[in-house]
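1. Sequence plus the predicted model coming up.
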Amino acid sequence: MNDVRRMTPDQLRRLKALIKNMCCNYIDGKCLILDCPCPQMITYSLICNWCENAVLPQNAELCIEISKPERVKKCAVCGKRFIYKSNSAKYCKMCRIKVLHRQKADYQQK
């Protein structure tokens, strides 16, 4: 993804928390790869490839908000956005499991 995406202040705040907790290259405010202060912590643009490819996917909801992929639907049960793999997908991962169990139970009762 070569295009630079801008974040809202809320998205930046959530990304900073994610970087502090999940980025293996972030120690005490410095980036181990660049050997300088982490540039992703001071900009509203998504500029760090490591952050985009390794850290951001750790939080699926934030990843969808920032990257805005084309294949996004809203879950019919909980209303969260999720990336779908087929056109017939209606539920997010967690709701899909619950709905499948409910459907199997209903089928067994009949």
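-> That came through fine. Keep in mind that this is a model prediction, so the values were computed, not measured.

2. And Lys93, how close does it get to Leu100?
-> Here Lys93 is placed at a distance of 11 Å from Leu100 (Cβ to Cβ, to the nearest Å). For the C-beta atoms, the positions are set from N, CA and C on the backbone; glycine is no exception.

3. again, but for Cys31
-> From Cys31 over to Leu100 (counting by Cβ to Cβ), the distance is 43 Å.

4. more neighbours, those two?
-> Neighbour count, other Cβ atoms under 10 Å: between Cys31 and Leu100, Cys31 has more, with 20 against 11.

5. so what secondary structure elements neighbour the lowest-mean-pLDDT helix or strand in the chain?
-> Least confident helix or strand of the chain, by mean pLDDT, DSSP states H and E, is helix 60-67 with a mean of 80. Applying 3 or more Cβ pairs under 8 Å, 6 or more residues apart in numbering; DSSP states H and E, one finds that helix 60-67 contacts helix 9-22, strand 81-83.

6. ok and the strand or helix carrying Gln108 relative to helix 60-67, angle-wise?
-> Assigned by DSSP states H and E, Gln108 belongs to helix 93-109. Orientation check (axes from the mean of the first three to the mean of the last three Cα atoms, to 10 degrees): helix 93-109 against helix 60-67 gives 130 degrees.

7. Quick one: mean pLDDT for helix 93-109?
-> Computed over helix 93-109, the mean pLDDT rounds to 91.

8. Which elements pack onto it?
-> For helix 93-109, there are no packing partners by 3+ Cβ pairs under 8 Å, 6+ apart, so no helix or strand.

9. Where does pLDDT dip in this structure?
-> Applying pLDDT under 70 to the chain flags residues 1-4, 69.

10. follow-up on the earlier one: strand partners of the helix or strand just after the least confident helix or strand of the chain, parallel vs antiparallel please.
-> Next in sequence after helix 60-67, counting helices and strands by DSSP H and E, comes strand 72-74. Strand pairing for strand 72-74, determined by DSSP bridges: strand 81-83 (antiparallel).

11. re earlier: contacts for the helix holding Gln108 next, please.
-> Residues from elsewhere that reach helix 93-109 (Cβ atoms under 8 Å, 6 or more residues apart in numbering): 75-78, 82, 91.
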